[in-house]
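J.: Any chance you can model this:
(4 chains)
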2 protein chains.
Amino acid sequence: MIEKERVTISDIARLAGVGKSTVSRYLNDGSVSPKTRAKLDAVVKEYDYEPNRFAQSLKKTTSGMIGVVVPTFASFSLTEMMRGMDHVNQDDFFLTINTYHDAKRQVEAVKQLAQQNVDGIIVMTGQVTDEMTAALEQVSVPVIVQGQPSTQFETVNVDNQHAGELLLPLIADGEPSDVLLLGVDPSVDYNVGQVRFDAIIKALDGKMKRVYTSFERNETIEVMRDYLATHELPKYIIAATDIIALGALAAVQEQGFNVPDDVKIVAFDNSPAAEIVTPALTTVGFDYFVLGQWLYRRLKDLSQAEPVLHDPMLAGSLVRRTSW
Amino acid sequence: MIEKERVTISDIARLAGVGKSTVSRYLNDGSVSPKTRAKLDAVVKEYDYEPNRFAQSLKKTTSGMIGVVVPTFASFSLTEMMRGMDHVNQDDFFLTINTYHDAKRQVEAVKQLAQQNVDGIIVMTGQVTDEMTAALEQVSVPVIVQGQPSTQFETVNVDNQHAGELLLPLIADGEPSDVLLLGVDPSVDYNVGQVRFDAIIKALDGKMKRVYTSFERNETIEVMRDYLATHELPKYIIAATDIIALGALAAVQEQGFNVPDDVKIVAFDNSPAAEIVTPALTTVGFDYFVLGQWLYRRLKDLSQAEPVLHDPMLAGSLVRRTSW
DNA sequence: TTGTAAGCGTTATCAC
DNA sequence: GTGATAACGCTTACAA
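T.: Prediction:
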């Protein structure tokens, strides 16, 4: 860590024997004579000049930073979306805030990002509370919400409705009462807790069983233990996420049941975990890498151009393995 | 998204009928009379004033941002460390750059962060290349390296040497030739690829088998397939990470072998994946959440105070499950 | 093409 | 305790 005092645009100007604005032009538009350009090339290289971002941003009122609010880092869909965003990123920095699934921290995050003068905000969330809506309305830069439908804000989502329809053939022969829907409270995550099941609920005329748990595997194990202690083993378990399915799997296996012979399990997400358990999970996969690319591109679009017609939805597909 | 033109410190001053510097003092030190304070309280609240960070940073030459260079987001240790950092974070923002295990991007990331005027940089890496060293030397803010030993830079690490010693009792009775070390090339990650095995190699006098793979489960499956096609099944497999162990597990199971009866497997990290596979993995766990806290605290220390004596190391512990 | 000068929104100095 | 005034490093009219 070497102390090197910063060389400024004035220094460069003086050293090159030109004016500040010439240096500025040299760095930006580029309307300079070949002669001065050459001189500046040399000086800038020699002194390893880097413009001060704060000064630049103070003038330009744009920061080159995009705020990202995420509910957790420990999630396949999240890391894939971020990878997608990185993949198409031009030269923005991502200022990411992890809210740990906390609605209050989520609101705080938006306010903090706004104060940091980010050029746009991407919010990944299961829940857009009223406070959140209020906070997002205050923001003066483009905002995209991922994870929930919204009429107020731009959204980019996977098509959860369609994903649920993909499972219809699987339960075509079964009795509604054979089916257990294992998900989260819709008020916590409407897309995951409700929309993924909509088609199934409609097909079964609401006559299936339904249990709520959290996104955690361990908690789901508890929930399923309790359920199995007081109910018959269902023939089919449809879990809202792979992780939830993992909990159900562990719970039924510890009771000595066989999957898929005694009970079949299907889930959503197609995360790596689905492949490593025994039996491997049949699950509806989404290309979150592509979704991440959409997110970034959409945000950049909003920063510049005309409003777009409607919010894009990414279709998933059923990946058949051995759990169903 | 409502357009609200920013209200500046001058606006507040004018509206409150005081000078700019009084407002500034009000916002910072606080040496103002009760009367003006009350007036400013009101005005600031009414107009919802927020200071412009760019202007502040331009003056103060500090940004409130900490740069974090990570090799991937899709890793338990990484997400836990970030959680630890968040947990003790005072009010810094993390500007995180994912390098996707690419040494070149890693160097780029450091340079970019330096240009962003971050107040410090935390580098998580398996590999400190010469270019990386050069880049880090250019940086004028505190730097901490996590993941590799270093004599030049401050480090905060788990104690990989000690972690390897923890496995010595497991192989005390075995023949050296029964043991397969399954890891990564030390030049790719010295700590994970070499130091974790040091104690074992010494104890076995270098007479065990050793195979290199990558950090990927799928690639490890391939590597192990090839290995098993040309070698006898080892009695013991010691994998450098849980994910690598997962690959080995899948490869031996697809050959019909039983774990732990035919071959025992142990690994390092104690990630959630270790719990969900069958059989569950015996593995050396580290408290990466605590390590993350250390990282942040250490960086803040370096920003202010005296140099510290030596770089801290966090001990791991053996978590026994059924794979060994 | 070039340079001068006036800001951008803060903080810091220093008389009052 | 207060308020001009001068920076901080850059961009951008505007004149030359």
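J.: Going toward the C-terminus from whichever strand or helix holds A:Ile12, what's the next helix or strand?
T.: Element membership for A:Ile12 (DSSP states H and E) is helix A:9-16. Going down the chain from helix A:9-16, the next helix or strand is helix A:20-27, by DSSP H and E.
J.: Okay, angle between that following helix and helix A:9-16 too, please.
T.: Computed by axes from the mean of the first three to the mean of the last three Cα atoms, to 10 degrees, the angle separating helix A:20-27 from helix A:9-16 equals 100 degrees.
J.: Flag every buried residue along helix A:20-27.
T.: A:Thr22, A:Val23, A:Ser24, A:Arg25, A:Tyr26, A:Leu27 (16 or more other Cβ atoms under 10 Å in any protein chain shown). Using the backbone N, CA and C atoms, a C-beta is placed for each residue, glycine as well.
J.: of all these, which comes closest to chain B?
T.: When the buried residues of helix A:20-27 are ranked by distance to chain B (Cβ to the nearest Cβ), A:Leu27 comes first, at 13.2 Å.
J.: sorry, back to before: can you lay out the buried residues of helix A:20-27 as TSV showing distance to A:Gly64 and pLDDT?
T.: Below are the buried residues of helix A:20-27 laid out as TSV (distance: Cβ to Cβ, whole Å; pLDDT from 0 to 100):
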residue	distance to A:Gly64	pLDDT
A:Thr22	24	93
A:Val23	20	94
A:Ser24	17	93
A:Arg25	20	93
A:Tyr26	20	92
A:Leu27	15	92
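J.: check contacts around A:Phe268.
T.: Residues near A:Phe268 by Cβ atoms under 8 Å, 6 or more residues apart in numbering or on different chains: A:Ala163, A:Val192, A:Arg196, A:Ala239, A:Ala240, A:Thr241, A:Asp242, A:Thr283, A:Val284, A:Phe286, A:Gly316.
J.: That one in helix, strand or coil?
T.: Per DSSP: H, G, I helix; E, B strand; the rest coil, the secondary structure class of A:Phe268 is strand.
J.: partner residues bridging the closest residue to it other than its chain neighbours?
T.: Among residues not flanking A:Phe268 along the chain, A:Val284 sits closest, at 4.7 Å (Cβ to Cβ, 6 or more residues apart in numbering or on different chains). Following DSSP bridges, A:Val284 is listed with bridge partners A:Phe268, A:Leu318.
J.: looking at it, A:Val284 is touching A:Leu166, isn't it?
T.: Yes - at 5.5 Å, A:Val284 counts as touching A:Leu166 under the criterion of Cβ atoms under 8 Å.
J.: Can you pick out the residue with more neighbours from those two?
T.: Each of A:Val284 and A:Leu166 has its neighbours counted (other Cβ atoms under 10 Å in any protein chain shown); A:Val284 has more, 25 against 17.
J.: Where does the stretch 201-324 of chain A get nearest to DNA strand C, residue-wise?
T.: A:Ser303 (19.5 Å; Cβ to the nearest atom of the strand).
J.: just checking, next helix/strand downstream of the strand or helix carrying that residue?
T.: Secondary structure assignment for A:Ser303, by DSSP H and E: helix A:288-304. Sequence order places strand A:313-314 as the next helix or strand after helix A:288-304, per DSSP H and E.
J.: can you give me phi and psi for the closest residue to A:Leu295 other than its chain neighbours?
T.: Nearest non-adjacent residue to A:Leu295, counting by Cβ to Cβ, 6+ apart: A:Val156, 5.1 Å away. Here the main-chain torsion angles of A:Val156 (degrees, to the nearest 10) amount to phi -140, psi 120.
J.: what residues are up against A:Val156?
T.: Here A:Val156 is in contact with A:Ile144, A:Gln146, A:Leu291, A:Trp294, A:Leu295, A:Arg298, A:Asp311, A:Pro312, A:Leu314 (Cβ under 8 Å, 6+ apart).
J.: Check A:Asp173 too.
T.: Applying Cβ under 8 Å, 6+ apart, no residues qualify as near A:Asp173.
J.: Need the pLDDT of it.
T.: At A:Asp173, the pLDDT value in this model is 87.
J.: Confirm that A:Leu180 sits in a strand.
T.: Yes - under three-state DSSP, A:Leu180 sits within a strand.
J.: Could I get the pLDDT score of the residue nearest to A:Phe268?
T.: pLDDT, A:Val284: 98.
J.: before we move on, the earlier item: please name the nearest non-neighbouring residue to the residue of the stretch 201-324 of chain A closest to DNA strand C.
T.: Nearest residue to A:Ser303 in three dimensions, chain neighbours excluded: A:Pro142, at 5.5 Å (Cβ to Cβ, 6+ apart).
J.: where's the residue lying closest to A:Met313 once chain neighbours are set aside relative to B:Asp311, distance?
T.: Ranked by Cβ to Cβ, 6+ apart and with sequence neighbours excluded, the top spatial neighbour of A:Met313 is A:Asp159, at 4.1 Å. Separation of A:Asp159 from B:Asp311 (Cβ to Cβ, to the nearest Å): 49 Å.
J.: With A:Asp311 instead?
T.: 49 Å.
J.: got it, and A:Gln293?
T.: 39 Å.
J.: Next: A:Glu46.
T.: 36 Å.
J.: Up against DNA strand C, what does chain A have?
T.: A:17-22, A:25, A:31-33, A:35-36, A:55, A:58-59 (Cβ under 7 Å from any atom of the strand).
J.: what two of those have the greatest distance between them?
T.: A:Lys35 and A:Leu58 (31.2 Å; Cβ to Cβ).
J.: In terms of neighbours, single out the busier of those two.
T.: Counted by other Cβ under 10 Å, A:Lys35 and A:Leu58 do not tie: A:Leu58 has more neighbours, with 18 against 8.
J.: That one falls within a helix, correct?
T.: Yes - assessed with three-state DSSP, A:Leu58 lies in a helix.
J.: Any figure for the gap between the residue lying closest to it once chain neighbours are set aside and B:Phe73?
T.: Counting by Cβ to Cβ, 6+ apart, A:Leu58 lies nearest to B:Phe54, which is 4.1 Å off, once chain neighbours are set aside. Using Cβ to Cβ, we find B:Phe54 at a distance of 28 Å from B:Phe73.
J.: One more: A:Thr282?
T.: According to Cβ to Cβ, A:Thr282 and B:Phe73 sit 26 Å apart.
J.: how about the residues of chain A near DNA strand D?
T.: A:6, A:8-10, A:20-21, A:24-25, A:27-28, A:51-52, A:55-56, A:58-60.
J.: which residues sit against stretch A:274-281?
T.: With Cβ under 8 Å, 6+ apart as the test, stretch A:274-281 has contacts from A:242, A:245-246, A:249, A:259-260, A:265-267, A:273, A:283, A:319, A:321-323, B:217, B:246, B:250, B:273, B:276-278.
J.: where does chain A have low pLDDT?
T.: A:1-5, A:305-309 (pLDDT under 70).
J.: how near is A:Thr151 to A:Asn28?
T.: From A:Thr151 to A:Asn28 the distance is 40 Å (Cβ to Cβ).
J.: neighbour count winner among those two?
T.: Between A:Thr151 and A:Asn28, counted using other Cβ under 10 Å, the more crowded position is A:Asn28 (10 against 6).
J.: Which residue ranges of chain A form strands?
T.: For chain A, the strands defined by DSSP state E cover A:65-70, A:93-98, A:120-124, A:143-146, A:154-155, A:157-158, A:179-184, A:209-213, A:236-239, A:264-269, A:282-285, A:313-314, A:317-319.
J.: is it possible to export these to JSON lines including distance to B:Asp41?
T.: What follows is the strands of chain A, written out as JSON lines (distance: least, Cβ to Cβ, whole Å):
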{"stretch": "strand A:65-70", "distance to B:Asp41": "29"}
{"stretch": "strand A:93-98", "distance to B:Asp41": "28"}
{"stretch": "strand A:120-124", "distance to B:Asp41": "29"}
{"stretch": "strand A:143-146", "distance to B:Asp41": "30"}
{"stretch": "strand A:154-155", "distance to B:Asp41": "36"}
{"stretch": "strand A:157-158", "distance to B:Asp41": "43"}
{"stretch": "strand A:179-184", "distance to B:Asp41": "43"}
{"stretch": "strand A:209-213", "distance to B:Asp41": "45"}
{"stretch": "strand A:236-239", "distance to B:Asp41": "52"}
{"stretch": "strand A:264-269", "distance to B:Asp41": "49"}
{"stretch": "strand A:282-285", "distance to B:Asp41": "54"}
{"stretch": "strand A:313-314", "distance to B:Asp41": "47"}
{"stretch": "strand A:317-319", "distance to B:Asp41": "57"}
